[in-house]
Each structure stands twice: as structure tokens, then as C-alpha cells.
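Peer 1: Give the three-dimensional model of this entry:
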Amino acid sequence: MSNRATRRAAERLANKTAAPTAANNISEAQLNANRANAQSSTGPTSPTGKATSSLNAVKTGLTGRTVLLPGDDAIIYQQHLHRYFTQFAPATDQEKALVQTIADTEWRLLRIAPLEAGIYAIGQLELADRFPDERNPINRQALI
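Peer 2: So this is what the prediction gives:
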């Protein structure tokens, strides 16, 4: 950690443990109201709601623990895994874990080309009116 990062972490810790000041003192009524509001906003409680909210930060699925995204076909994913396990025929638990990791990584890597195509298509739409003075269509397309 750099000196600056260490200093900032120490400052944050000091701020958390510091005695309350007049600026952050609140009345007992306000404190009770805050506690009551906190009880009504505890997030999802059903298993379905929890599963849905667990994917809130998932954008591309290229990183993180989630391999199979909601839009992915579970049957095709299982076939993908079956091909890897058939090809490599892992015998031990460690080999099985390695084959699973390889298959999951390949599954994620297969998402990259469609993501790039989508980014390119959005760029084409959003930047189509830029570079009107470029006469060479090949250069204009490259600039867009």
C-alpha cells in the first residue's frame, strides 16, 4: 500500500472511531425514525428476490463467480461442460476442479466477440453523425 493510501486508511479509521461532533448529533426522535426506516428497507427476503439482486452488479459475466448468466442456455452450458469432461477425463477431484475451471473460462471467453460486436454497433449508431468532413468512406468508418 502506498504512503498516501495508508494515510487515507488511517484517517478513515480515525473518523469512524472519533467521538460524535455537534454536526452528527441527532435527536432521539430522529434516531428512532432512522431505525424504523431501516427495518422497512432490508432488501429482498424471498429466495427468488435474493437470487435476482445477487446479479445486480453483473454486466458482462467475464469476471466474478457467476458463470451462467440469466440469458445463457443452461442446457448448452451443460453440453459444453460434458465435452470438456469427456475430452480430458479427469480422475481426481483436483483434476475435475481444473477441468471445470478451464471449461468455465472458455465459456466466459466466448462472450467477448458478441460484446465487442455490440460495442461496435452502439458506436456506429452514436457516432454516425461525427466526422462529416471526412470524404474517404474507409477513413470515416475507421474514425467512427
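
Peer 1: what's near enough to touch Phe85?
Peer 2: Neighbouring residues of Phe85 by C-beta atoms under 8 Å, 6 or more residues apart in numbering: 96, 99, 103. Every residue, glycine included, has its C-beta placed from N, CA and C.

Peer 1: Please, a ChimeraX command that selects the buried ones among those?
Peer 2: If you want just the buried ones from those in ChimeraX, going by 16 or more other C-beta atoms under 10 Å, the selection is:
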select :99,103
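
Peer 1: Among the contacts of Phe85, which lie within helices?
Peer 2: Using DSSP state H, the members of the contacts of Phe85 that fall in helices are 96, 99, 103.

Peer 1: Just name the closest of these to Thr60, please.
Peer 2: Closest approach between the ones in helices among the contacts of Phe85 and Thr60, by C-beta to C-beta: Ala103, at 18.2 Å.

Peer 1: didn't that closest one look like it was pressed against Leu81?
Peer 2: Yes. Between Ala103 and Leu81 there is a contact at 5.2 Å, judged by C-beta atoms under 8 Å.
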